[in-house]
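1. structure of the sequence below:
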Amino acid sequence: MDHKQMSLKMPQQSEEFLRLSDVIDIRWYHIVLLEILMLSPTAIIFLSNLYNLNILVTLLIQLGVVLIGLPGLAMKILNCPLIYFLYNELEHVTKQIHNGFIFFLSTFFSIILAYLFLSQNYQKLLKVQNDKSELFIITSCMVYSLVNPIFEEWFWRIFVRKIWNRQESEYKNLYISLHYAAIYGVLIYSLSSSQAITYCLTLFFFIANEVFQIIGEKSGIISSMLAQMGMHIAVSIIMIDMINRKK
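-> Next up is the predicted model:
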């Protein structure tokens, strides 16, 4: 690729939203690479279920390879350093944290209250295996709840979004949300004994990604991370409660 086309430019005003199309010349094969990256989390979950991999091993693969390693490789291919993805994302940190805790509490209590309301039917529709120790389950849920949202927000809200921002289509966010929902759709399919509940929860995660996208754009990436963390912690508590009820 011509080095002139790959030249980097830093915008002069901090208010300017940096698009990767303003920094490098993104070609069609870069979009193909991005598509492979967006499908890779779903592929990992599918293979994990197929070969019955340990949940912590799956999480480590997701975090180390899919959400960190592959984007790092892509940045090398794009010749675009990390600073261009993080540009403007960490402004007004205090305000982002304040708003984020509001979103955290709203998301957390909304899901918990919905579970309490539907628990009688919801538990019967899920197959929850309890062949692990309680300490293992709690540890896995803590890692999932506290670490995964941070790297998911980095991957979907920063890395993927800023590459796709070169596309002016109004459907680009929906396209990203389809990939996000597919991850949880495959995961829920392996747990659920009902196709209806699988479709409903997959739709829930599709809508959740749209909500996180709006939060990220309006309030900042930290707010979006905290909102998603509230969702993941609520889901983890629900899973632990369901497993304990099976005892």
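2. how about stretch 222-236: buried residues?
-> For stretch 222-236, burial by neighbour count (16 or more other C-beta atoms under 10 Å) applies to 222-236. Placement of C-beta: from N, CA and C, glycine included.
3. for stretch 233-247, that is, sorry about that
-> For stretch 233-247, by 16+ other C-beta under 10 Å, it's Ile233, Ala234, Val235, Ser236, Ile237, Ile238, Met239, Ile240, Met242, Ile243.
4. out of these, which is nearest to Leu82?
-> Ile233 (27.6 Å; C-beta to C-beta).
5. check which helix or strand the closest one maps to.
-> Ile233 belongs to helix 221-246 when assigned by DSSP states H and E.
6. who are the packing partners of that helix?
-> Packing partners of helix 221-246 (3 or more C-beta pairs under 8 Å, 6 or more residues apart in numbering; DSSP states H and E): helix 93-125, helix 134-146, helix 148-152, helix 195-219.
7. list the contacts of the last one.
-> For helix 195-219, the external contacting residues (C-beta atoms under 8 Å, 6 or more residues apart in numbering) are 95-96, 99-100, 103, 122, 125-126, 153, 156-157, 161, 173-174, 176-178, 180-185, 188-189, 192, 223-224, 227-228, 231.
8. kindly report the same for the shortest one.
-> Counting contacts by C-beta under 8 Å, 6+ apart, the residues outside helix 148-152 that touch it are Leu59, Gln62, Leu63, Leu67, Ile68, Met225, Gln228, Met229, Met231, His232.
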